[in-house]
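In: sequence first, then the predicted structure:
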Amino acid sequence: MKKFAIATLLLAAVGMYAASMPSQAAEPLKIAVIQDATGSAVLEDYSKQFYRGFDLGIDFATKGTKQVLGRPIEIQRRDTNVKPDRARALLSESYQQGAVLAVGSTSSGVTKAMLPVAADNEKILLVAPAVADSITGPDWNKYIFKSSRNNSFDMQAQVIAMRVDADTAIGVIGEDYAFVRDGVAALKEALGRISVVELEGTARRRTPVNSEIDHGGSDPSTLDGRGGMQHC
């Protein structure tokens, strides 16, 4: 139902745009769906599910017509390859080619790179499913809308589930990019005074990082592995 809700929200925005424009019944309403379809085994699965869910949502919201106010909806799929510079270029190109709005992406780092492009073009970017708090925090602008969760939601839930106390220490292993940085900040806020050990690592470096924790004087009772495959 989440993708259906996203599509319904989009159609409302598209409908308002179409209603404000001169009558152009033959002209399609273009929506750019920008996802990280290649470049990461994890994000590839997210993208496939998002594309399918988005298509189903559009079909559901338009009752199978794929039209708004008599104008057909044209969905343009764009692949970032999990590269921020490419994502920026694709979004700018999509707007210039007539996309009334865009949706994306999964990687928080890639998505944050696109935020100023939406502002520069004065067109909507609906963020989904990237989760970094900063997307709707310090990096937000008035053209950014969001339909997915935030890091803070995850961290609040994890702290409740872990039942931490004053004797708990938590180690976080992750790569140095938006999803992990914002996740650590949200975790610290959710934990209050509980100790959090930060160690940079990747999917390939997890064994030596675990060794650093074991021999570095830290004694975390819980390990949180985040972002090993540029996730969210």
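Out: All right, it came through fine. All values derive from a computational prediction rather than experimental measurement.

In: what sits closest to residue 129 if chain neighbours are left out?
Out: Among residues not flanking residue 129 along the chain, residue 148 sits closest, at 4.0 Å (C-beta to C-beta, 6 or more residues apart in numbering). In short, each C-beta sits where N, CA and C put it, glycine included.

In: helix, strand or coil for the one you found?
Out: For residue 148, the secondary-structure state derived from DSSP: H, G, I helix; E, B strand; the rest coil is coil.

In: what's the answer for the one 4 residues further on, then?
Out: The three-state label given to residue 152 by three-state DSSP is helix.

In: swap in the one 5 residues further on?
Out: Of the three states, residue 157 takes helix under three-state DSSP.

In: just residue 105 next, same as before
Out: Going by three-state DSSP, the secondary structure assigned to residue 105 is coil.

In: backbone dihedrals for the residue nearest to residue 129, please?
Out: phi -110, psi 170 (degrees, to the nearest 10).

In: with adjacent residues omitted, what lies nearest to residue 136?
Out: Nearest non-adjacent residue to residue 136, counting by C-beta to C-beta, 6+ apart: residue 146, 5.3 Å away.

In: same question, residue 116
Out: residue 141 is the one closest to residue 116 (C-beta to C-beta, 6+ apart), at 7.3 Å.

In: pretty sure that neighbour contacts residue 118?
Out: Yes - shown here, residue 141 and residue 118 form a contact pair, counting by C-beta atoms under 8 Å, at 6.9 Å.

In: which one of those two is surrounded by more residues?
Out: Neighbours were counted for residue 141 and for residue 118 using other C-beta atoms under 10 Å; residue 118 has more, 23 against 12.

In: what's in contact with whatever helix or strand that one lives in?
Out: Per DSSP states H and E: residue 118 is located in helix 108-121. Helix 108-121 has contacts (C-beta atoms under 8 Å, 6 or more residues apart in numbering) with 34, 36, 80, 82-85, 87-88, 91-92, 95-96, 102, 104-105, 124-125, 127, 130-132, 134-135, 139-144, 177-179, 182, 230, 232.

In: among those residues, name the ones in helices.
Out: Members of the contacts of helix 108-121 lying in helices (criterion: DSSP state H): 84, 85, 87, 88, 91, 92, 95, 96, 178, 179, 182.

In: ChimeraX command to pick out the buried ones of these?
Out: Here is the ChimeraX command that selects the buried residues among those (16 or more other C-beta atoms under 10 Å):
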select :84,87,88,91,95,178,179,182
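
In: from the ones in helices among the contacts of helix 108-121, which two are the most distant?
Out: Farthest-apart pair in the ones in helices among the contacts of helix 108-121 is 96 and 182; separation 30.3 Å (C-beta to C-beta).

In: buried ones in the top helix by length along the chain?
Out: If you go by DSSP H, the chain has its longest helix at helix 41-61. By neighbour count with 16+ other C-beta under 10 Å, helix 41-61 contains the buried residues 42-44, 46-47, 50-51, 53-55, 57-58, 61.
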